[in-house]
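Undergrad: The following block contains a protein sequence and its predicted model.
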Amino acid sequence: MANEAVGGRVSESARNLAYINYGLLFASLFFAGVPALIAAIIAYSQQDEAPPTIRSHHRFQIRIFWVAFALAVAAGLSFLGVVIRITGEVFEFTQITGWDTHDNVKLDLSNVTLDGTLVALLTSTGLFSALGGVWLVLAPAYGFVRLASERGMGHSARL
């Protein structure tokens, strides 16, 4: 393999690719997750060919992607619940006096209440989003530091 250890050191190209993946995972925080998808594809494609230490980093990068993806889905579903709940409240208090023009729609939001369900959905949306952001900052940073010190991740940390 091209990425075999040479003189006790891991091939620089495999190591540099792992560095790039950590950078992509961190950048995904600012670019709506697209770089994380690219990093996951790279990690999946390289994990079988990489030396054991780098392989453990690719597996960790894949884990970072899936945890961030799950948190983003949870935040998205919570936000969808907020949108549905607010839309339902708005339609409940909207009076349509005629179907021919938009000028006849009257909206009275004075009776809309902020109930426990809406507060819980808003809180969970914020919590899942914050956890995803923290995860996409700390996990790649931790992996980057371990890679820079030439240590593996997980059970293969001594490699």
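TA: The structure has been received and is ready for your questions.
Undergrad: pLDDT weak spots in this protein?
TA: Filtered on pLDDT under 70, the chain yields the residue ranges 1-10, 92-112, 155-159.
Undergrad: for it, which residue is closest to the average position?
TA: Ala68 (3.0 Å; Cα atoms, centre = their mean).
Undergrad: Does that residue lie in a helix or a strand, and which?
TA: Counting by DSSP states H and E, the element that carries Ala68 is helix 52-92.
Undergrad: Then Leu127?
TA: Here Leu127, judged by DSSP H and E, is contained in helix 116-148.
Undergrad: same for that helix, what does it pack against?
TA: Helix 116-148 makes packing contacts with helix 12-27, helix 52-92 when contacts are defined by 3 or more Cβ pairs under 8 Å, 6 or more residues apart in numbering; DSSP states H and E. C-beta here means a position set from N, CA and C on the backbone, and glycine is covered the same way.
Undergrad: So which of these has the densest surroundings on average?
TA: Among these, helix 12-27 has the highest mean neighbour count (mean count of other Cβ atoms under 10 Å), at a mean of 19.
Undergrad: Mind giving me the packing neighbours of it?
TA: By 3+ Cβ pairs under 8 Å, 6+ apart, helix 12-27 packs against helix 34-46, helix 52-92, helix 116-148.
Undergrad: residues in contact with Tyr22?
TA: Ala39, Gln61, Pro140, Ala141, Gly143, Phe144, Leu147 (Cβ atoms under 8 Å, 6 or more residues apart in numbering).
Undergrad: From those residues, list the buried ones, please.
TA: Neighbour counting over the contacts of Tyr22 (16 or more other Cβ atoms under 10 Å) leaves Ala39, Gln61, Pro140, Gly143, Phe144, Leu147 as the buried ones.
Undergrad: Let me know the closest of those residues to Val73.
TA: Ala39 (17.9 Å; Cβ to Cβ).
Undergrad: The closest one against Ala18, yeah?
TA: No: if you go by Cβ atoms under 8 Å, Ala39 and Ala18 don't touch, sitting 9.8 Å apart.
Undergrad: hey, what's in contact with both of the two?
TA: Common neighbours of Ala39 and Ala18 (Cβ under 8 Å, 6+ apart) are Gln61.
Undergrad: re earlier: tell me the one of the contacts of Tyr22 nearest Ala72?
TA: Distances from Ala72 to the contacts of Tyr22, taken as Cβ to Cβ, are shortest for Ala39 (14.6 Å).
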